[in-house]
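In: no sequence on hand, only this structure:
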């Protein structure tokens, strides 16, 4: 029994200890059970904002409105559970309950702050866009739109003749954005339309708009697809709805399809199509972000046009890494980490007991981390990490517990400070009262006394001294000091703080001047006050000096220390003035600035633009950003800006032209710690405007050794996507920095262009289409610059062709086939992926029935088949790519006669029977003819030389014989020689093709031409005399003779070139240049084609007929010598040899 009681007692004791420990651990941490959320209410309604905290009692609840303490009243008070109750919401300007609310819970361990909640009062304002009256053609499309700001977003409905229309029918679609779409307009649709906006606050009707419907022409003219309302760039929040509108017109009605630029599939589960082609995405997620293409396509063809839009998805912050509670001894180090994600990138701030934590020497915030060095008992508390962006906020908390020790020395005593100079202070103290013998070192801490987020500096000295001079301080500044004693077991508490001020000094630099002129006889001089570091005290006055560039007399003006501008009047127009300024403190005057020049305007310059109001800012030690705006009335006829800058004491630099719509420019590549003069003026059609002159000094580049901190990391997750053919959307993630720090970014484009930006995304515009660009980003914070981010490459989207294919030519190659050829459009930067060929006969053209051929972008010819004889065909070509279709070329006509021969009827293919030849073609022809003639002459000379060699050898052999050869033998020899000649000469018919592919056919532009002449060749040997025409010869040689029989109709030179009128011929027609035709898509109904069709089939030119008639009366005479041998030879017969012998025996 005793053992049982003992065991029971032990179990009860263990349970009591466990409960006590668990109670401490459970209730010592403070956290929220309920937090307030965004709410929208109507005016004079009651509302409750929830707030319930859990932890060790007692817990106090306080409320903040717009970060300030909320005062309770009869209308606004706390409930017993800590929630806030507003009995009647007010919306007056002087007393409105709208704003951001947070509750603060507190117990003995610290305080925590809830998430931020927004209270919005429902409202419905007036319409910012009323529907407008329109006139459309029957069968076309109609679109009305209205816009009205409201909270919450209103429900939009439409009324037709004051009768509510359904939200969706087969032809009518009402979009949530306030757009009414009517497809296939009918005459019954004519009437009055107005939109009705409704939300919980009110209901409003817009003004009425009239729809007028006109009768469509019959037959309806074919029209290419055209997007009349394309998608717009959207920025939507997660879990909301995104609507991309796409409305197109055309005949026949185009089909609408959607795709993504990144080729990802569209989420079919959360996406549907409203009406004829509007894309609605419900429950948007970050994966829905991207560029979407709306494509309108003519049914049954590949003729289409495209519009693009970008969807940006905003996401509220969510924590990826939370801070954890830690326990640290005094003088130790505590680290808290916090990482959040969202879009835009959340800003991280740290709170201690509900109040913002400020960075100083002991407390630092970087890379989303909070680091507390030299922990003191006052650091004990609850710390919160708050991640916030425009979509909301989220908080996480952790507790720092500071452990105390009794064996540590007490704090140093009797700390005193004495000013030594404008940059040094002497600090002295006494040793700690307790455990002073265990002190091994002292640390001196000091920082500026004024301002927030000042950096604390620390100096460690030995235990053998209690005095130290701190130098390199700023003049005229208050500093706070304290000392900590160290021993092996830890550090003492901080000593009492002392504040001491350094002496003033003369300013180290003069102010930087800004000069402008408001009239030809004045100069407005302005300057920025010197920073405290440069002024070295309070500025008591300024001394302004000026003179002309040709006069040595200097005029000086002394101005009070609070002035920052002065107007110099009564000056000479069109004169260069030199100005400088100096600043003074109670100690004396500082050095004046260098002379700055400024030229007053001419007296006649009264209508030119006024001087821009210029602002300069040093982005870092090598980059300056210029921002400006023009005074009112100076933008009329503006042509642009001219900028020049140069280093002090250096000649002026070259002018830089800036487009008229720019109001910012970045100057890079400057030297650190240099003064630069910047001049900017606007110019218009009236001439150059007034000039603005300003001076700026670049700061020094802070090295890592100087700051004892690493350089900031570069931006990460750099992402680029093409938004259009001339713009790229660039986005990047900001490194984890303190939310309060000002961060600038520089975007590098192709290593030559830079853009300065303060956000984490940028739309880079004015780019070239279909061009690959290189992007990199770096950040600048507190005079430090990060390395460049990894480079990303992005191609801009191609641009739709704007010109038609050139040199379109149509040639009939057979009875029912023709060849179409063309040249690509003269646009080097635009890629062509497809060509479309339209052709139709006259009858088909009148009915709007075109036949369509399509070829890849690398092919520049196509074959037209199954052409009907006796018809005139129209042919035209257009170029296309994925962005759309270009214009069609001018129509080219081709006539196909019943005899299957073609001739051109109207166009530009021929002029007076000749081709149009450009300069390059004519040059090529001339060069080719010259080369051919040169080769022919060389061949003739070679043949002539060989001929002479044979003649000389034959004569020599005959003379050696001395006539001893009998006649019979001579005849036999002649006969054998003739036979050998006959064997060597192959039989040739009228037309032949040799082994190398040659032929005796003559082909001109009309086709093959048959020979119309005949000739007789003879071989003569030992002919002493030949009847007229006579031929020179040598005795004993063989002579090749030619006799020509003149044809009845000898061809003229033009006949030889073009062939007979009635022979086989081919007709071709070419179209040079690229011009808009007014065609719509793949169909043509322009006036030019109608004019072409009105012309009849042309006949041969009169000039050509005249030449033929003259040629028929002429008979050409050909004289053939031994050097002019024709290749058309006929074999000699035995009769021919006998005739030669008779002629030799009986000379004529």
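Out: The structure has been received and is ready for your questions. Please read these numbers as outputs of a predicted model, since none were measured by experiment. Numbering: from 1, shown residues only.
In: so which residue is dead centre in the chain?
Out: Centroid-nearest residue in the chain, with Cα atoms, centre = their mean: residue 727, separated by 2.1 Å.
In: test my guess that that residue contacts residue 765.
Out: Yes. In this structure residue 727 lies within contact range of residue 765 using Cβ atoms under 8 Å: 4.6 Å. All C-beta spots, glycine's among them, are computed from the backbone N, C-alpha and C.
In: and the helices in this structure?
Out: 2-28, 532-535, 704-707, 842-846, 919-961, 967-984, 1053-1058, 1087-1094, 1102-1111, 1134-1145 (DSSP state H).
In: tell me the mean pLDDT for the first one?
Out: Put plainly, it is helix 2-28. Averaged across helix 2-28, pLDDT comes to 40.
In: could you do the second one as well?
Out: Per-residue confidence for helix 532-535 averages out to 85 on the pLDDT scale.
In: ok, and what's touching it?
Out: Helix 532-535 is contacted from outside by 474, 476, 477, 507, 508, 509, 529, 583, 585, using Cβ atoms under 8 Å, 6 or more residues apart in numbering.
In: quick check, residue 485 in contact with residue 494.
Out: No. With contact defined as Cβ under 8 Å, residue 485 does not reach residue 494; the gap is 9.8 Å.
In: name the residues contacting each of the two.
Out: Listed as contacting both residue 485 and residue 494 by Cβ under 8 Å, 6+ apart are residue 411.
In: and the two? which has more neighbours close in?
Out: Shown here are residue 485 and residue 494; by other Cβ atoms under 10 Å, residue 485 has more neighbours (26 against 20).
In: low-confidence ranges, the stretch 901-1050 of the chain, go.
Out: For the stretch 901-1050 of the chain, residues meeting the criterion pLDDT under 70 lie at 901-922, 949-1050.
In: let's see 90
Out: By pLDDT under 90, the low-scoring segments of the stretch 901-1050 of the chain are 901-930, 941-1050.
In: how near is the nearest residue to residue 438 once chain neighbours are set aside to residue 595?
Out: Excluding its sequence neighbours, the residue lying closest to residue 438 (Cβ to Cβ, 6 or more residues apart in numbering) is residue 487, at 4.2 Å. Distance, residue 487 to residue 595, using Cβ to Cβ, to the nearest Å: 62 Å.
In: now do residue 237
Out: Distance, residue 237 to residue 595, by Cβ to Cβ: 57 Å.
In: residue 459: how many residues sit nearby?
Out: 12.
In: right, and it touches residue 444 too?
Out: Yes. Between residue 459 and residue 444 there is a contact under Cβ under 8 Å: 4.6 Å.
In: quick check, pLDDT for the closest residue in space to residue 851 that isn't next to it in sequence.
Out: Of all residues not flanking residue 851 in the chain, residue 839 sits nearest, at 5.5 Å (Cβ to Cβ, 6+ apart). Per-residue pLDDT puts residue 839 at 90.
In: who does residue 839 bridge with?
Out: residue 851, residue 875 (DSSP bridges).
In: just checking, it touches residue 845?
Out: No. In this structure, residue 839 is not within contact of residue 845 by Cβ under 8 Å, at 9.3 Å.
In: now do the shared contacts for these two.
Out: residue 874.
In: the stretch 301-450 of the chain: strands as residue ranges?
Out: Ranges of strands within the stretch 301-450 of the chain are 304-321, 326-329, 334-337, 339-343, 347-352, 355-356, 363-366, 369-372, 381-389, 392-403, 413-419, 425-430, 441-448, based on DSSP state E, counting those that start in this stretch.
In: let me have these in CSV, adding mean neighbour count and mean pLDDT as columns.
Out: What follows is the strands of the stretch 301-450 of the chain, written out as CSV (neighbours: other Cβ atoms under 10 Å; pLDDT from 0 to 100):
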stretch, mean neighbour count, mean pLDDT
strand 304-321, 19, 89
strand 326-329, 15, 85
strand 334-337, 18, 89
strand 339-343, 20, 89
strand 347-352, 20, 89
strand 355-356, 12, 86
strand 363-366, 18, 80
strand 369-372, 20, 88
strand 381-389, 23, 90
strand 392-403, 19, 87
strand 413-419, 15, 91
strand 425-430, 19, 92
strand 441-448, 19, 87
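In: now render those strands as a markdown table, adding distance to residue 648.
Out: Converted to a markdown table, the strands of the stretch 301-450 of the chain look like this (distance: least, Cβ to Cβ, whole Å):
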| stretch | distance to residue 648 |
| --- | --- |
| strand 304-321 | 45 |
| strand 326-329 | 53 |
| strand 334-337 | 47 |
| strand 339-343 | 45 |
| strand 347-352 | 39 |
| strand 355-356 | 42 |
| strand 363-366 | 37 |
| strand 369-372 | 42 |
| strand 381-389 | 44 |
| strand 392-403 | 48 |
| strand 413-419 | 35 |
| strand 425-430 | 35 |
| strand 441-448 | 31 |
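In: to residue 552, which of those strands lies closest?
Out: strand 413-419 (43.7 Å; Cβ to Cβ).
In: what's near enough to touch residue 547?
Out: Counting by Cβ under 8 Å, 6+ apart, residue 547 makes contact with 553, 554, 555, 577, 578.
In: wait, which of those is closest to residue 227?
Out: Distance to residue 227 across these (Cβ to Cβ) is lowest for residue 577, with 58.2 Å.
In: name whatever forms a beta bridge with that closest one.
Out: Beta-bridge pairing for residue 577 (DSSP bridges): residue 548, residue 598.
In: quick check: it touching residue 600?
Out: Yes. Taking contacts as Cβ under 8 Å, residue 577 lies within contact range of residue 600: 6.9 Å.
In: got any residues that touch both of these two?
Out: Counting by Cβ under 8 Å, 6+ apart, the residues touching both residue 577 and residue 600 are 523, 571.
In: residue 649 - nearest residue in space that isn't next to it in sequence?
Out: Spatial nearest neighbour of residue 649, excluding adjacent residues (Cβ to Cβ, 6+ apart): residue 594 at 6.8 Å.
In: could you report the distance from the one you found to residue 513?
Out: Computed as Cβ to Cβ, the residue 594 to residue 513 distance reads 10 Å.
In: anything in contact with each of the two?
Out: With Cβ under 8 Å, 6+ apart, residue 594 and residue 513 have common neighbours residue 580.
In: in this protein, which helix or strand is least confident?
Out: strand 910-911 (a mean of 34; mean pLDDT, DSSP states H and E).
In: quick one, strands of the stretch 601-750 of the chain?
Out: Here the stretch 601-750 of the chain has its strands, by DSSP E, counting those that start in this stretch, at 613-620, 623-629, 638-647, 656-658, 664-667, 675-684, 687-697, 716-722, 728-733, 744-749.
In: got JSON lines for those, with distance to residue 521 and mean pLDDT too?
Out: Below are those laid out as JSON lines (distance: least, Cβ to Cβ, whole Å; pLDDT from 0 to 100):
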{"stretch": "strand 613-620", "distance to residue 521": "20", "mean pLDDT": "83"}
{"stretch": "strand 623-629", "distance to residue 521": "24", "mean pLDDT": "87"}
{"stretch": "strand 638-647", "distance to residue 521": "23", "mean pLDDT": "88"}
{"stretch": "strand 656-658", "distance to residue 521": "28", "mean pLDDT": "87"}
{"stretch": "strand 664-667", "distance to residue 521": "30", "mean pLDDT": "87"}
{"stretch": "strand 675-684", "distance to residue 521": "18", "mean pLDDT": "87"}
{"stretch": "strand 687-697", "distance to residue 521": "12", "mean pLDDT": "84"}
{"stretch": "strand 716-722", "distance to residue 521": "52", "mean pLDDT": "82"}
{"stretch": "strand 728-733", "distance to residue 521": "48", "mean pLDDT": "84"}
{"stretch": "strand 744-749", "distance to residue 521": "40", "mean pLDDT": "75"}
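In: will you turn those into JSON lines that also has distance to residue 217?
Out: Output for those, formatted as JSON lines (distance: least, Cβ to Cβ, whole Å):
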{"stretch": "strand 613-620", "distance to residue 217": "57"}
{"stretch": "strand 623-629", "distance to residue 217": "52"}
{"stretch": "strand 638-647", "distance to residue 217": "45"}
{"stretch": "strand 656-658", "distance to residue 217": "50"}
{"stretch": "strand 664-667", "distance to residue 217": "52"}
{"stretch": "strand 675-684", "distance to residue 217": "47"}
{"stretch": "strand 687-697", "distance to residue 217": "53"}
{"stretch": "strand 716-722", "distance to residue 217": "40"}
{"stretch": "strand 728-733", "distance to residue 217": "43"}
{"stretch": "strand 744-749", "distance to residue 217": "50"}
